[in-house]
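Engineer: sequence and computational prediction follow.
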Amino acid sequence: MTPAAPPQSLFQAIMRGARGQCPRCAGQSLFARWLRPVEQCATCGQDWRGHSADDFPPYIAIIITGHVMAPIIIALGLYTSMDWPVMMALCLAMTVTMVLGLLQPAKGGVIAMQWWLGMHGFARAPGRLLGPIGTSKGNDT
Ligand SMILES: [Zn+2]
């Protein structure tokens with residue numbers, strides 16, 4: 001697979017990571033399994049072991065889910081005559097589904113952000129300072 005050009009901005013890097021793509025080349029999947037990133041991109045050779053996403057992705061997933069679900073729960077309570085056990089089961093299922101669905105995109109975005117900004121294990125070669133893939137300015141040699 002031919003790698004895409006490196007991202008031109010933090011936003012572009014985060015969007016690639018959130019889509020589960022390698023933030024550097026938009027090629028190989030960033031994740032080996034659901035929340036486990038690959039050690040190295042098979043397309044561009046970028047080493048992804050330097051990330052330290054920790055609790056930030058769940059925090060993002062919870063914040064987004066809370067802001068989406070709160071108005072839905074309030075609206076269901078105000079404008080429907082749904083029994084509370086049914087409403088609770090429905091809201092719980094929607095909340096859990098949304099949080100679990102947002103975890104991988106949030107983690108991909110956080111890893112991309114850390115890489116772009118040179119945080120944690122990416123301090124030696126921040127993404128924003130790397131040249132095109134395959135050049136001596138890149139860290140894939
Ligand atoms: Zn790559």
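Structural biologist: On my side now, so go ahead.
Engineer: residue numbers of the protein in contact with the ion?
Structural biologist: With Cβ under 5 Å from the ion as the criterion, the chain comes near the ion at residues 22, 24, 25, 27, 41, 43, 44, 46. Bear in mind the C-beta positions are built from the backbone N, C-alpha and C, glycine included.
Engineer: now rank those residues by neighbours and give me the top one.
Structural biologist: Highest neighbour count within these: residue 24, with 31 neighbours (other Cβ atoms under 10 Å).
Engineer: end-to-end on stretch 26-36?
Structural biologist: Start-to-end span of stretch 26-36 (Cα to Cα, to the nearest Å) is 17 Å.
Engineer: for it, which positions count as buried?
Structural biologist: Buried residues in stretch 26-36, defined by neighbour count with 16 or more other Cβ atoms under 10 Å: 26, 27, 28, 30, 31.
Engineer: tell me the mean pLDDT over that stretch?
Structural biologist: For stretch 26-36, mean pLDDT is 92.
Engineer: which residues touch it?
Structural biologist: Stretch 26-36 is contacted by residues 1, 3-4, 16-17, 20-23, 37-39, 41-44, 48, 57, 103-104, 107-108, 111 when judged by Cβ atoms under 8 Å, 6 or more residues apart in numbering.
Engineer: just to revisit the earlier point, got the buried residues of stretch 26-36 as CSV, with secondary structure and distance to residue 87 columns?
Structural biologist: Putting those into CSV (DSSP: H, G, I helix; E, B strand; the rest coil; distance: Cβ to Cβ, whole Å) gives the following:
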residue, secondary structure, distance to residue 87
26, coil, 42
27, coil, 44
28, coil, 43
30, coil, 37
31, strand, 34
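Engineer: can I get stretch 45-56 in CSV, CA atoms only?
Structural biologist: The C-alpha trace of stretch 45-56 is given here as CSV (Å, rounded to 0.1, in the frame of the first residue of the first chain):
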residue,chain,number,x,y,z
GLY,A,45,7.2,2.0,9.8
GLN,A,46,6.1,4.5,12.5
ASP,A,47,6.6,3.1,16.0
TRP,A,48,3.4,3.6,18.1
ARG,A,49,4.7,2.1,21.3
GLY,A,50,5.5,5.6,22.7
HIS,A,51,1.9,6.6,23.4
SER,A,52,0.6,7.0,26.9
ALA,A,53,-3.2,7.5,26.4
ASP,A,54,-4.0,6.2,29.9
ASP,A,55,-7.5,7.4,31.1
PHE,A,56,-7.9,10.2,28.6
